[in-house]
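>>> What follows is a predicted protein model with its sequence.
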Amino acid sequence: MPSQRFATTKLLPHQAGKLGILTLNNAKASHALTLDMILSAQEMLQHWWHNPDISALLLQSSSTDDDATATTTNHNQNQTAPPPPPTKRRPPSFCAGGDIKALALACRAEQQPQHKDKAGDSAATTTTPPLSSEFFRQEYYLNYALHLWSCVNKKPQISVWNGVVMGGGVGLSLFGSYRIATEHALWAMPETAIGLFPDVGSMWALPRVMMKQKQPQPQQEPQPQPTAIIPYLLLTGHRLRPDDLLYTGLATHYVPSQDLPELQAALIQATTTSNSTKHHEPATPEEAQAFQPQTTKTTTNNNSTATTTTVDPLIAPVLDSFHRPLPTEKCFLAQHAQELQQVFGGGGETTTTDDDDHQDPSLPIPPPPQSLLQVVERLQALPSDSVLARSALASLAQASPTSLILTWELWQRRQQRQNFDETLAEHLALDYHVSQQLMQRSDSDFYEGVRAALLDRSKPPQWHYASWTDALAHETELVTTNYLDSFDAEHPAWKVSDSTILKFVNDDKLE
């Protein structure tokens, strides 16, 4: 392994065969990303970019099925003493997001008046960028680097979702070639509940990933358009299980966790026996913006579908051989497909079968809602026994009103950019601007959301706007003005210039 400037025990890189492996190892925080983990991952991607001995990238965590706090036994204790209480198991996790607890504390400290010494100079003077800006800046560079790895470098990236996948964990894996879900996979973008917004380029990548290659199947489950599913997921933070992940295309394969060691061994063997040593010329900026993976669907029995990449004969056959059937026709999103279309519109067709008693094909699909308040009204108009309406309204009522407004307005702006003409770099530039507004503004709900969820947990969050329905009705324009209208697209604070792209491809420092 090459020497690292940013080595950390929380990220363990190693090479096996021609497989580069990055193992997240921050178990106490459910493998949440820290700044040193992000910098270490950037550095390893640069080392491996042109290395002919690396044919593919595997992202995983150190979580296992027995992931729990270890207990020790005192063999000298009285044998008649009662056994110790069972140790609480820690649920497995791929990556629970960014280390928002550290971010919130740093943000609060940065907002405090600095102590000055006797000479009148600030005692805290330093050239180190504040964590509240540097974390997001480098995290988005890593997201962009992973985009380049798969779409320009053409080396497959495999992410193993063996547990919780949230926020920053989505950003680590969404731009890659393959996303493997196990029975423990639990996917969500829960940012509105803590005063943030769904970032890491998610609103750019999700429409490009979800359900784009769905092929008609016998007795096909109802399939609403991604534009009916994505805003629901982003606003409510709804958690997806493996069957929903396969149904949407977010997961490309399903592999039981007990098969993961054998899968990794097979991937190592496949890359070891590969003769692929091709060297890629530096990409042009135009090539770097492309995100059109050539994928096709391989259908197994029980309506379970695996996504394979037609241009990758190395990894795809291995993953397909380990993929296990998982029925998706009864997953949550399929069960509530028509309700999602009634709330979020957006077209799409619903195919029903004789035993599909939860669908009403006579209901027309309405146009997309024009406001977040209209979303709420449509949810309230669903039948009183609607599980989707009840859970969605409860989630919205508990979320930060500011975050809800920002998420909706950002999604609407992205929807207005037709034909996918917005680049990932442009998207991340706006994500960075909004993140910094949330770190710096006094009316931001970020610190309060983290306090209630992760710090003292003493009481529910006290949001800036006490009434979420009043905020949606009367404060949308003000929030939009304060957080979004100040964005300067011509001179963004975060950007990936053409020279930066070429530097990274040429194995130089990513600025």
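Thanks, I have the structure now.

>>> can you pull out the strands in the stretch 151-300 of the chain?
Secondary structure of the stretch 151-300 of the chain (DSSP state E, counting those that start in this stretch): strands at 157-161, 164-166, 178-181, 186-188, 253-254, 295-299.

>>> for those, which one sits closest to residue 436?
Closest to residue 436 of these, according to C-beta to C-beta: strand 164-166, at 21.3 Å. Bear in mind the C-beta positions are built from the backbone N, C-alpha and C, glycine included.

>>> Report the mean per-residue pLDDT for that closest one.
Averaged across strand 164-166, the pLDDT comes to 97.

>>> next one: stretch 7-24
Across stretch 7-24, pLDDT averages out at 94.

>>> same deal with stretch 313-322?
Across stretch 313-322, the average pLDDT comes to 92.

>>> Now it: buried residues?
314-316, 318-319, 322 (16 or more other C-beta atoms under 10 Å).

>>> Relative to residue 192, how far out is residue 463?
As for residue 463, its distance to residue 192 is 11 Å (criterion: C-beta to C-beta, to the nearest Å).

>>> What distance do you get for residue 331 to residue 162?
From residue 331 to residue 162 the distance is 19 Å (C-beta to C-beta).

>>> neighbour count winner among the two?
Comparing residue 331 with residue 162 by other C-beta atoms under 10 Å, the one with more neighbours is residue 162, at 25 against 21.

>>> I figured that one hits residue 59, correct?
No - judged on C-beta atoms under 8 Å, residue 162 makes no contact with residue 59 at a distance of 11.1 Å.

>>> which regions of the stretch 151-300 of the chain lie under the pLDDT threshold?
Counting by pLDDT under 70, the stretch 151-300 of the chain has low-confidence residues at 211-223, 274-300.

>>> all helices of it, in order?
168-173, 202-209, 226-236, 242-248, 260-272, 285-289 (DSSP state H, counting those that start in this stretch).

>>> try the stretch 301-450 of the chain
Counting by DSSP H, counting those that start in this stretch, the helices of the stretch 301-450 of the chain are 316-322, 332-335, 337-344, 372-381, 387-398, 401-416, 424-440, 446-454.

>>> okay, those helices, which one's buried deepest?
Compared across the helices of the stretch 301-450 of the chain, helix 337-344 shows the largest average neighbour count, a mean of 24 (mean count of other C-beta atoms under 10 Å).

>>> CA atoms only for it, dumped as CSV, please.
C-alpha atoms of helix 337-344 as CSV (Å, rounded to 0.1, in the frame of the first residue of the first chain):
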residue,chain,number,x,y,z
ALA,A,337,-47.9,3.3,-5.8
GLN,A,338,-51.3,4.7,-6.7
GLU,A,339,-51.4,6.9,-3.6
LEU,A,340,-47.9,8.2,-4.4
GLN,A,341,-49.1,9.2,-7.9
GLN,A,342,-52.3,10.8,-6.4
VAL,A,343,-50.2,13.0,-4.2
PHE,A,344,-47.1,13.7,-6.3
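
>>> Any chance you could list residues touching both of residue 463 and residue 192?
residue 400 (C-beta atoms under 8 Å, 6 or more residues apart in numbering).

>>> ok, the two, which is more surrounded?
Higher neighbour count among residue 463 and residue 192: residue 192, with 28 against 22, using other C-beta under 10 Å.

>>> doesn't residue 233 make contact with that one?
No - taking C-beta under 8 Å as the definition, residue 192 is not a contact partner of residue 233, at 10.7 Å.

>>> residues shared between the contacts of residue 162 and residue 59?
Between them, residue 162 and residue 59 share no contacting residue under C-beta under 8 Å, 6+ apart.

>>> how about the helices of the stretch 301-450 of the chain in a markdown table, adding distance to residue 166?
Formatted as a markdown table, the helices of the stretch 301-450 of the chain follow (distance: least, C-beta to C-beta, whole Å):
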| stretch | distance to residue 166 |
| --- | --- |
| helix 316-322 | 23 |
| helix 332-335 | 17 |
| helix 337-344 | 21 |
| helix 372-381 | 22 |
| helix 387-398 | 15 |
| helix 401-416 | 15 |
| helix 424-440 | 16 |
| helix 446-454 | 12 |
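
>>> Relative to residue 197, which of these is closest?
Of all the helices of the stretch 301-450 of the chain, helix 401-416 comes closest under C-beta to C-beta, at 4.8 Å.

>>> what packs against that closest one?
helix 202-209, helix 226-236, helix 372-381, helix 424-440, helix 468-474, helix 476-483 (3 or more C-beta pairs under 8 Å, 6 or more residues apart in numbering; DSSP states H and E).

>>> For it, output the C-alpha coordinates as PDB.
What follows is helix 401-416 as a C-alpha-only set of coordinates in PDB (Å, rounded to 0.1, in the frame of the first residue of the first chain):
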ATOM      1  CA  PRO A 401     -40.300  23.500   8.500                       C
ATOM      2  CA  THR A 402     -37.300  25.300   7.100                       C
ATOM      3  CA  SER A 403     -35.800  22.100   5.900                       C
ATOM      4  CA  LEU A 404     -39.100  21.000   4.300                       C
ATOM      5  CA  ILE A 405     -39.300  24.300   2.400                       C
ATOM      6  CA  LEU A 406     -35.700  24.100   1.300                       C
ATOM      7  CA  THR A 407     -36.000  20.500   0.200                       C
ATOM      8  CA  TRP A 408     -39.200  21.200  -1.800                       C
ATOM      9  CA  GLU A 409     -37.800  24.300  -3.500                       C
ATOM     10  CA  LEU A 410     -34.600  22.600  -4.400                       C
ATOM     11  CA  TRP A 411     -36.400  19.700  -5.900                       C
ATOM     12  CA  GLN A 412     -38.700  22.000  -7.900                       C
ATOM     13  CA  ARG A 413     -35.600  23.900  -9.200                       C
ATOM     14  CA  ARG A 414     -34.000  20.600 -10.300                       C
ATOM     15  CA  GLN A 415     -37.200  19.500 -12.000                       C
ATOM     16  CA  GLN A 416     -37.300  22.700 -14.000                       C
END
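
>>> model confidence over it, on average?
pLDDT averaged over helix 401-416 gives 93.
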